[in-house]
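1. fold the following for me, if possible:
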Amino acid sequence: MFKLSKLHSKHYLLAPNVCDVCILQTNSQKVGHIDLRPFFSDRLCPFEGHKHSLFYLFSVFAVVYSADRVFDGLPTDRPLIIAHRGSSGMRPEHTVAAYELAIEQGADIIECDVSLTKDLQLVCTHDVTINSTTNVHEHREFDDRIQTYVVEGRSVTDYFTIDFTLDELKTLRKVQQNSRRDQSYNGEFPLASFDDYVAVAKGSDRTVGIYPETKSPPFVNGILQSRNHTTTFEDILLEALAKHGYTSPTSPCFLQSFHPPSLQYMAPKTPLPLIYLTGTSLTDNILSEVATYCYGIGPTKNAIVRVVNDNIVEETDFVARIHAHGLKVHPYTFRNEYNYLAWDYGADPYKEYERFVKIGVDGFFTDFPWSLSNYMELTTGGSPHVRPSFYVLLLAIVSCALV
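-> Got it, this is the predicted structure:
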């Protein structure tokens, strides 16, 4: 087995399968199959005794470099800009308007918390409840939908998406639940369905990734079972992703969850990269286990830079330990408002970005993608969406010349 380590901050294993095909693998998840026949002649097949030739090395490097760029169709030369619930700092979260604005502001990825409706449709909402983020309480026709369920160990009384059809939810309008943010858009936008969300990403004139989360899967799957459905939340999501073409290891899509069983269930069913979300630091033993089925970790930023009483008290080794297990790091959630920033940053979100970039994170979940995009542009000396392909082209030309 030919090993290429730490190429563009990713660990790759190049495993020859047959003469004309290789399999790229990162951690435990297969990245993809790449047909090498355009690069090799029958006479010079590197898997038949020419593994040490200059030709082979150039060819393999060109293919792997390309795979690194193609893996998710997104930038790999800087941290990813992940728009948390869309541009949720400026529009009501999980609306088409918030997703579209995030893309306009430079987001690489738009993130979506996924919930399920009574008619088994996927809808984008941060919680399985909707009272705080919609005007449902103004719709007297839905008064009988108030229910009490146990959700992740807590008794919750509210309106739940699982008790509404998608058409019923579409009659509601979103509100900004954060009182410190612009309230002028309240009542203007409907909830986004999962199909709406994907359509926004695919409708962009550049590659925009998606990042769905299975929200409270034990609760959702428990309701499905109690109503005698034979499917699961995860299967419904994977079927929807397949319908939209997210079936390849190179598809620009990450799947996330706070629940390891949800990720473990999906791991053998999809080649898409899986992200384990966590609100605490993890031991090396747990990281080692997670690395067997996940591509990365989505930790709270406080597990990386500990803040107590609004002051930074410690910069931990969590990112270094995550990377040591071959995993990526996408911390959450970066916000511009001073009450979310440690005093050490002087109410300047750029100072927080700077610290986390130096630590080496691979992406940021942010409510304000515009700020993060501007920061990336300032610090990289150009548009954050310029992804140079010169070296890939050069390597391909040299490889072909050597045939």
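
2. what packs against the helix or strand where residue 198 lies?
-> Secondary-structure assignment from DSSP states H and E places residue 198 in helix 194-202. For helix 194-202, the elements it packs on are helix 96-104, strand 109-116, strand 122-124, strand 209-214, helix 233-243, judged by 3 or more CB pairs under 8 Å, 6 or more residues apart in numbering; DSSP states H and E. From N, CA and C alone the C-beta is placed, and that goes for glycine too.

3. got the contact list for it?
-> When contacts are defined by CB atoms under 8 Å, 6 or more residues apart in numbering, helix 194-202 is touched by residues 94, 96, 99-100, 103, 110, 112, 114, 121-124, 192, 208-210, 212, 237, 240, 244, 252.

4. in that helix, what's buried?
-> Burial within helix 194-202, assessed by neighbour count using 16 or more other CB atoms under 10 Å, is assigned to 194, 196, 197, 198, 200, 201.

5. any low-confidence regions in this structure?
-> Within the chain, the segments meeting pLDDT under 70 span 1-72, 381-383, 385-403.

6. now the strands for the stretch 1-150 of the chain?
-> Taking DSSP state E, counting those that start in this stretch as the criterion, the stretch 1-150 of the chain carries its strands at 2-7, 10-18, 21-26, 29-35, 80-83, 109-116, 122-124, 146-151.

7. now swap in the stretch 151-300 of the chain and tell me
-> Using DSSP E, counting those that start in this stretch, the strands of the stretch 151-300 of the chain run over residues 154-159, 209-214, 255-257, 274-278, 296-299.

8. re earlier: the helix holding residue 198 vs strand 209-214, what angle?
-> Between the axes of helix 194-202 and strand 209-214, defined by axes from the mean of the first three to the mean of the last three CA atoms, to 10 degrees, the angle is 160 degrees.

9. how long is stretch 342-354 end to end?
-> The separation between the terminal residues of stretch 342-354, taken as CA to CA, to the nearest Å, is 13 Å.

10. sorry, back to before: closest one to residue 220 among the helices and strands packed on helix 194-202?
-> Nearest to residue 220 among the helices and strands packed on helix 194-202 is helix 233-243 (4.4 Å), distances taken as CB to CB.

11. quick one, that closest one and strand 109-116 angle?
-> Relative orientation of helix 233-243 and strand 109-116, computed by the same axes, to 10 degrees: 130 degrees.

12. in helix 233-243, what's buried?
-> Residues of helix 233-243 classed as buried by neighbour count (16+ other CB under 10 Å): 233, 234, 236, 237, 238, 240, 241.

13. tell me the contacts of the closest residue to residue 364 other than its chain neighbours?
-> Among residues not flanking residue 364 along the chain, residue 334 sits closest, at 5.2 Å (CB to CB, 6 or more residues apart in numbering). Each residue near residue 334 by CB under 8 Å, 6+ apart is listed here: 301, 349, 352, 353, 356, 364, 365, 366, 367, 368, 372.

14. cutoff 7 Å now
-> Applying CB atoms under 7 Å, 6 or more residues apart in numbering to residue 334 gives the contacts 301, 349, 352, 364, 365, 366, 372.

15. what's the spacing between the residue nearest to residue 120 when sequence neighbours are not counted and residue 153?
-> Setting aside the residues directly before and after it, residue 120 is nearest to residue 236 in space (CB to CB, 6+ apart), at 6.2 Å. As defined by CB to CB, to the nearest Å, residue 236 lies at a distance of 24 Å from residue 153.

16. do residue 360 as well
-> Residue 360 sits 35 Å away from residue 153, taking CB to CB as the criterion.

17. so for these two, which sits in the more crowded spot?
-> residue 360 (14 against 6; other CB atoms under 10 Å).

18. next, count neighbours for the closest residue to that one other than its chain neighbours.
-> If the residues on either side of it in the chain are set aside, residue 360 comes closest to residue 319, at 5.5 Å by CB to CB, 6+ apart. The burial count assigned to residue 319 is 22, neighbours taken as other CB under 10 Å.

19. next one: residue 266
-> Counted by other CB under 10 Å, the residues lying close to residue 266 total 22.

20. contact partners for it?
-> Residues in contact with residue 266, defined by CB under 7 Å, 6+ apart, are 234, 238, 255, 274.

21. and if we set it to 10 Å?
-> By CB atoms under 10 Å, 6 or more residues apart in numbering, the contact list for residue 266 reads 214, 217, 232, 234-235, 237-238, 241, 255, 257, 272, 274, 293.

22. tell me the spacing between it and residue 275.
-> Between residue 266 and residue 275 the computed distance is 11 Å (CB to CB).

23. what's the overlap in contacts for the two?
-> 255, 257.
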